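Colleague: No letters, just coordinates:
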């Protein structure tokens, strides 16, 4: 049995941190009582539905809703005329930059529809049946335009142009004509030409990946209730209700204080619920009708009209010496942004070579629009694509010089002090520690059978912090209420409550965490960028410290001694030294009971802009078996080894590792967007867009390696995203090991694998092993 | 014209008026306010709406509400006995077998149905039985372990 958690040395014995507590929201979730986005209803609510474009690209000549409005039971219709025009300035929103001109046009088409499924009108009616009928009565006149789906075709000079005013940014001098390239950027370290000249050999490959959807099981859903005075309540599923509030207010031209948003339980997001689709429409419909409006997106619409991540073309060139020293790395990334600018190509460029300590790096990123839904963040946005390509070439280098792939990575591993191509010098990171832990696994030493192969790949994600507000109250019976502002998608309440209980030295179950609405706390940035446990944990610790300090002040007051003559330890307040007088220690519970008589409620309120987020490095080790007759790749064994900083709740850290691996397995082997010649999506359902099911997967072993983040009170790094970065490379390397063939395009689905094997056999390819 | 349907839900008699096209899931969620069963796809592909009808596991989004007339429907809301959780529910909490929790009701209903038929399933049998229930968060590992552990405990009881 391998060690599941490789602990960091610590001079403190933690009571809660590192243990596996029952989550506070667990019972509600296993009994069906937890309320998710679509589970909330208001008396008298209307049903809102969206009319969507059947065309991939068309001018929107006319929208006439007069017939629909005459239908009995129809209370409101909104179109482009109900949304104010915005300028195109880019603003930071999550890990992406956004333009309200684009968001506005994405939630409701204005002059053109830019992809199949693009919203053109929304209707609110007293029943779903009436709303559906009303959609058919809205008369829309289109002038269909030629469309383009593939990013490389979209870059051709004669490609259909999506936006007349798109002048490529980042090119000097700026191009004189518009194109579908919104921007070009690069990160350069050293001089790659010099590095390639120093190499004994250079490998250059081109890779292609398909867009994949986040695939959260819970559809987008919300209920909006705008009262006659213009103030609005919004209930819905989101990764960040302050962000949704801001987007909605901005799109509608309202003051932010007019929108109160309550986040429901959230049924998965993975980045896809960091943006708005239905919420501004529901608010506009509610304002117009004077009634609450509920909207729920269908699964088909989720596929057609909500953000997948980019598909991409990636060119990678790496030079190395015969001893395995990498002398230079270069990558050109062409990422689909969907219909509007803003793919995660910058993040992909930052991450591309980040696991390695290289002297010469050049990464160029290109953001390309085409007639697809606008991409949204998806778990380590951008990184899985570029790192898949890089890790595939790294593997090829190892095979070429017959070097162990872990040894090759160890030789070139990034470490504390490494200058990253994207700017910073890295702090303590766990690349070497996770590689060594991988090498030590029993998994790495087992023998493989016929048609089987083993692959490994590294992954990097940098993680973020950001604005966070937490409020903690000591109740009058000595229990605690903890209000967090980052939605809990998978164990956050438990982890943050554990850190607060640890800090206070009190029982975990005396701390009751809830997710506050936008009226209850100051601004909170969203749950994303692996920031929630890091940032809300940091803020909760700060709030707990405030409570401890206040508790000491109250005790000092009662004992009539100076405040600095009082100590707090493990939930008890005691005189600090002999000269403080002989007072019996008093518990924090007792302080809570007496708070009313000693100065009123005791509250910790922390508002931080969390700094010091640190990258998490991981290794994935996978065994596959390839069926040469069908092309099916079966994952036989899988181990994730990742640096958590410190694992607050190891079970939920493991869950992130396992879930990331499973999503990556889907990305590697099955998931893709299939467009037909009309630019319409042919597989907009869970039947045809097949995410991994239980029978597709083995157990996913995990090893948590702890290399604490020195910038966090409990060493947290953030763990949610890195785990989706290595799977595609690891599986491609395992398939190469099994078949002798290098697959450079995803997914490695049965028809593609079979075709490659058949062709290699027909050509007498000496590398073919199956 | 609405139809009057009556059936038992978690052992209690219920009745509702529903349109012909309303699914059993619509009737449970929209007419009876039982929102524990979730709609993830409405096409029978995700299993989030799993219930049992006369002991048979079904996607309630694939069955019309009127078809439930006279039948015995069991949903997630009937799984715990008051504040006493079913062993599966308890094990799911102990194993951290849920992250976002949206698929959890359907998976628990399906797993309970499996253990009623087969108290000693192999890992492969559990995986195939639950293959109709999509989970995007967990990679299924902890779910499978929780079901196997529950089965072992219930056999020992």
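Modeller: Looks like it came in fine. Not measured: the values here are computed from a predicted model.
Colleague: residues touching whatever residue of the stretch 401-550 of chain A ends up closest to chain B, list them.
Modeller: Of all residues in the stretch 401-550 of chain A, the one sitting closest to chain B is residue A:490 (3.1 Å; CB to the nearest CB). For glycine as for every other residue, the C-beta is placed from the backbone atoms N, C-alpha and C. If you count contacts by CB atoms under 8 Å, 6 or more residues apart in numbering or on different chains, residue A:490 has them with A:652, A:655-656, A:659, B:99-100, B:137.
Colleague: hmm, 7 Å instead?
Modeller: A:652, A:655, B:99-100, B:137 (CB atoms under 7 Å, 6 or more residues apart in numbering or on different chains).
Colleague: Residue A:749 now?
Modeller: A:669-670.
Colleague: ditto for residue B:2
Modeller: B:17-19.
Colleague: Among these, which lie within helices?
Modeller: In helices, judged by DSSP state H, none of those are found.
Colleague: got TSV for these, with distance to residue A:300, neighbour count and pLDDT too?
Modeller: What follows is the contacts of residue B:2, written out as TSV (distance: CB to CB, whole Å; neighbours: other CB atoms under 10 Å in any protein chain shown; pLDDT from 0 to 100):
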residue	distance to residue A:300	neighbour count	pLDDT
B:17	28	13	97
B:18	23	22	95
B:19	21	17	94
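Colleague: Out of these, the closest to chain A would be?
Modeller: residue B:19 (7.1 Å).
Colleague: roughly how far apart are that closest one and residue A:129?
Modeller: Separation of residue B:19 from residue A:129 (CB to CB, to the nearest Å) stands at 7 Å.
Colleague: Any chance of CSV for the contacts of residue B:2, columns distance to residue B:153?
Modeller: Output for the contacts of residue B:2, formatted as CSV (distance: CB to CB, whole Å):
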residue, distance to residue B:153
B:17, 43
B:18, 39
B:19, 44
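Colleague: a helix runs through residue A:247, doesn't it?
Modeller: Yes - counting by DSSP: H, G, I helix; E, B strand; the rest coil, one finds residue A:247 located in a helix.
Colleague: Need the pLDDT of the residue of the stretch 401-550 of chain A closest to chain B.
Modeller: With respect to pLDDT, residue A:490 scores 93.
Colleague: same deal with residue A:4?
Modeller: 86.
Colleague: That one touches residue A:703, doesn't it?
Modeller: Yes - under the criterion of CB atoms under 7 Å, residue A:4 makes contact with residue A:703 at 6.3 Å.
Colleague: Look at these two and report which has more neighbours.
Modeller: Applying other CB atoms under 10 Å in any protein chain shown to residue A:4 and residue A:703 shows that residue A:703 carries more neighbours, namely 24 against 12.
Colleague: Ramachandran coordinates for that one?
Modeller: Main-chain torsions, residue A:703, degrees, to the nearest 10: phi -130, psi 120.
Colleague: Give me the three-state assignment for residue A:167.
Modeller: coil.
Colleague: mind giving me the domain split of chain B?
Modeller: Taking automatic domain parsing as the reference, chain B has its domains at B:3-78, B:87-156.
Colleague: who wins for proximity to residue A:584 among those?
Modeller: domain B:87-156 (38.9 Å; CB to CB).
Colleague: residues contacting residue A:469?
Modeller: A:485, A:521-524, A:539, A:606-607.
Colleague: Restricted to helices, list those.
Modeller: Using DSSP H, those in helices are residue A:539.
Colleague: SS state for residue A:332?
Modeller: Residue A:332 is classified as strand under three-state DSSP.
Colleague: got it, and the one 3 residues further on?
Modeller: At residue A:335, secondary structure determined by three-state DSSP is strand.
Colleague: what's the spacing between it and chain B?
Modeller: From residue A:335 over to chain B the distance is 23 Å, taken as CB to the nearest CB, to the nearest Å.
Colleague: got it, and residue A:283?
Modeller: On the measure of CB to the nearest CB, residue A:283 and chain B end up 23 Å apart.
Colleague: Can you tell me, leaving aside adjacent residues, what's nearest to that residue?
Modeller: Among residues not flanking residue A:283 along the chain, residue A:224 sits closest, at 4.5 Å (CB to CB, 6 or more residues apart in numbering or on different chains).
Colleague: So the closest residue to chain B within chain A: helix, strand or coil?
Modeller: At 2.2 Å from chain B, residue A:32 is the closest residue in chain A, using CB to the nearest CB. Counting by three-state DSSP, the backbone at residue A:32 sits in coil.
Colleague: What count of nearby residues applies to it?
Modeller: Neighbour tally, residue A:32, other CB under 10 Å: 25.
Colleague: one step back: need the winner for burial among the domains of chain B.
Modeller: domain B:87-156 (a mean of 22; mean count of other CB atoms under 10 Å in any protein chain shown).
Colleague: mean confidence for it?
Modeller: Averaged across domain B:87-156, the pLDDT comes to 98.
Colleague: anything in it near chain A?
Modeller: Yes - under the criterion of CB under 7 Å from any CB of the partner chain, chain A is reached by domain B:87-156 at B:89, B:92-94, B:96, B:98-105, B:108, B:127-128, B:130-131, B:134, B:136-142, B:144.
Colleague: Quick check: end-to-end length of that domain?
Modeller: Domain B:87-156 has its terminal residues 12 Å apart, counting by CA to CA, to the nearest Å.
Colleague: Return the distance of it from the chain's centre.
Modeller: Remark: domain B:87-156 is offset 11 Å from the chain centroid, using CA atoms, centre = their mean, to the nearest Å.
Colleague: re earlier: nearest to residue A:750, of the contacts of residue A:490?
Modeller: Using CB to CB, the contacts of residue A:490 come closest to residue A:750 at residue B:137, 26.0 Å.
Colleague: mind checking the SS state of the closest one?
Modeller: Under three-state DSSP, residue B:137 comes out as coil.
Colleague: check contacts around it.
Modeller: A:268, A:490, A:655, A:659, B:99-100 are the contacts of residue B:137 under CB under 7 Å, 6+ apart.
Colleague: which non-adjacent residue is nearest it?
Modeller: In space, residue B:137 is closest to residue B:99, 3.6 Å off (CB to CB, 6+ apart).
Colleague: With residue A:233 instead?
Modeller: residue A:225 (4.6 Å).
Colleague: how far away is the one you found from residue A:285?
Modeller: In terms of CB to CB, residue A:225 sits 11 Å off from residue A:285.
Colleague: How about residue A:742?
Modeller: From residue A:742 to residue A:285 the distance is 52 Å (CB to CB).
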